[in-house]
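Quick one, fold the following:
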Amino acid sequence: MTLHPDNAAPVGNSRRVCQRCQRPLTQCICRWITPIQNVVDVLILQHPLETNNAKGSVRLLDLCLQSSSVKVGEQFAPEYLSSALYASSASDPALNRIQPILLYPDLQDNEAPDLIARQGEKLPDGITPQGVRLVVLDATWRKSRKMLYLNPMLQHLPRLSLSEMPASHYRIRKAHKPDQLSSLEASTYALMRLEHNEAKYLPLIDAFDGFVEQQMQYIPSRP
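Now for the predicted structure:
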C-alpha cells in the first residue's frame with residue numbers, strides 16, 4: 001500500500017504514525033483492510049490494557065467492518081453502557097429496537113459459577129441478523145471475567161458461545177486455552193453464524209493471516 005504524506009502524523013520527535021490504523025508507518029496494517037458490509041452491528045468493549053497492544057486484532061477488525069464501534073474501559077457507567085448496547089446503529093438509524101448479544105464462551109461450574117448463562121440468557125431461537133448487535137469483550141481471559149463482574153448489565157444479555165471452531169491462526173499470542181481465538185477470529189465466526197453467510201466473511205480471516213504474518217516479522221528470532 002502506498003502511503004501519502006497527509007496520511008501520517010508525527011509522534012514525539014522520531015516516529016510517524018498512520019492516521020488510519022494508528023500504527024507507526026513502518027508497521028502500518030492498512031494493506032490488510034478488507035471492507036465488509038456487516039448486517040449484524042458489532043460493539044467491541046476493549047480493556048484499556050489492550051488499546052496499545054501491537055498484537056491486538058481489534059483495530060484491523062474495526063477498520064474492516066462497516067458497522068462497528070469500539071468503547072474502551074474496564075467498568076462503564078450504566079447509562080453509558082446502556083446507550084452503547086441499545087442505541088440505533090449508525091448504518092441503519094431507522095431501526096428502533098436493538099437486540100444486543102454477548103459473545104462469550106460457555107463456562108464450567110468450577111470456573112465462574114455466578115457468571116454461567118442461565119436459561120433466560122441463552123441465545124433466542126430463530127433470531128434474524130437485522131437489529132442484532134454483537135457485543136465482544138476484547139481482553140485477556142481473566143480481564144474479560146472481571147469486566148463481566150464489574151458490569152452486571154452484560155451478565156444478563158443473551159449469549160452466543162462458539163464451539164467446534166477451526167484452530168486459531170493467532171500465532172503471535174499465547175492462548176489461555178487450546179480452542180481460544182483472537183477477537184477478530186471469534187467475531188468473524190460469530191458473524192458467519194448470525195448472518196448464515198460464511199463466504200462473506202472468509203476475506204476477514206485472510207486479512208488476519210496477513211496481519212499475523214506481518215507481526216511475526218517483528219518478533220526476534222531465537223537462536
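
dump the residue contacts of the residue nearest the centre of the chain.
With distances taken as CA atoms, centre = their mean, Ser183 lies nearest the centre of the chain, 4.3 Å away. With CB atoms under 8 Å, 6 or more residues apart in numbering as the criterion, the residues that contact Ser183 are Ile44, Gly56, Ser57, Val58, Leu61, Val136, Asp138. Using the backbone N, CA and C atoms, a C-beta is placed for each residue, glycine as well.

cutoff 6 Å now
Ser57, Val58, Val136, Asp138 (CB atoms under 6 Å, 6 or more residues apart in numbering).

What segments of the protein are strands?
8-11, 15-18, 41-46, 68-72, 99-103, 132-138, 159-160 (DSSP state E).

picking up where we left off before, and the furthest pair within the contacts of Ser183?
Ser57 and Val136 (10.7 Å; CB to CB).

okay, these two: which has more neighbours?
Ser57 (27 against 23; other CB atoms under 10 Å).

ok, for that one, nearest residue in space, not its chain neighbours?
Spatial nearest neighbour of Ser57, chain neighbours left out: Leu184 (3.7 Å); criterion: CB to CB, 6 or more residues apart in numbering.

right, and that neighbour touches Phe208 too?
Yes - contact status for Leu184 versus Phe208: in contact at 5.2 Å, counting by CB atoms under 6 Å.

Tally up the residues packed near Arg159, please.
Applying other CB under 10 Å, we find 21 residues neighbouring Arg159.

Any idea which helix or strand in the chain has the lowest mean pLDDT?
Within the chain, confidence by mean pLDDT, DSSP states H and E is lowest for strand 8-11 among all helices and strands, at a mean of 48.

So for stretch 61-77, what gets flagged as buried?
Buried positions in stretch 61-77, judged by neighbour count with 16 or more other CB atoms under 10 Å: Leu61, Asp62, Leu63, Cys64, Leu65, Ser67, Ser68, Ser69, Val70, Lys71, Gly73, Phe76.

Check the spacing between the third one and Arg193 real quick.
Relative to Arg193, Leu63 is positioned 22 Å away (criterion: CB to CB, to the nearest Å).
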